[in-house]
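Asks: heads up, no residue letters with this:
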């Protein structure tokens, strides 16, 4: 198996592990678990919810950048494709850079617009 295929497989496994870990961690950080949804007397959350979403968003941002960079070398190694077409293919993959920009800038703008940062949580969870 070549290096590119192994890297893609490792990336998929990493994303699955991160997603499952994030969901389990999110659910288990509050005691009792129902405190995630309703105000239970004596309930508490161990880790700040905003911190967990920042960690998740940072990991997802790094993986998004990785997914933009990952196909560049295999595309340049295509033998029967002109340089102009290879450039066009990489440009299409490069559109992922716009997503990374949106991922960074939109939540920051939302947080600046709203005093309540609940919208930022929704954006970070949706990007997962």
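Replies: Cool, the structure landed. The shown structure was predicted, so the numbers you read here are calculated from the model rather than taken from an experiment.
Asks: what's the spacing between the residue most central in space within the chain and residue 70?
Replies: Nearest residue to the geometric centre of the chain (Cα atoms, centre = their mean): residue 60, 2.1 Å. Distance of residue 60 to residue 70, given as Cβ to Cβ, to the nearest Å: 15 Å. For glycine as for every other residue, the C-beta is placed from the backbone atoms N, C-alpha and C.
Asks: now do residue 87
Replies: Separation of residue 87 from residue 70 (Cβ to Cβ): 17 Å.
Asks: by contact count, what packs against the helix or strand hosting residue 12?
Replies: Using DSSP states H and E, residue 12 falls within helix 3-28. In terms of contacts (3 or more Cβ pairs under 8 Å, 6 or more residues apart in numbering; DSSP states H and E), helix 3-28 is packed against helix 49-69.
Asks: low pLDDT regions in this structure?
Replies: Scanning the chain for pLDDT under 70 picks out the ranges 1, 49, 103, 105-128.
Asks: let's see 90
Replies: 1, 22-81, 83, 86-128 (pLDDT under 90).
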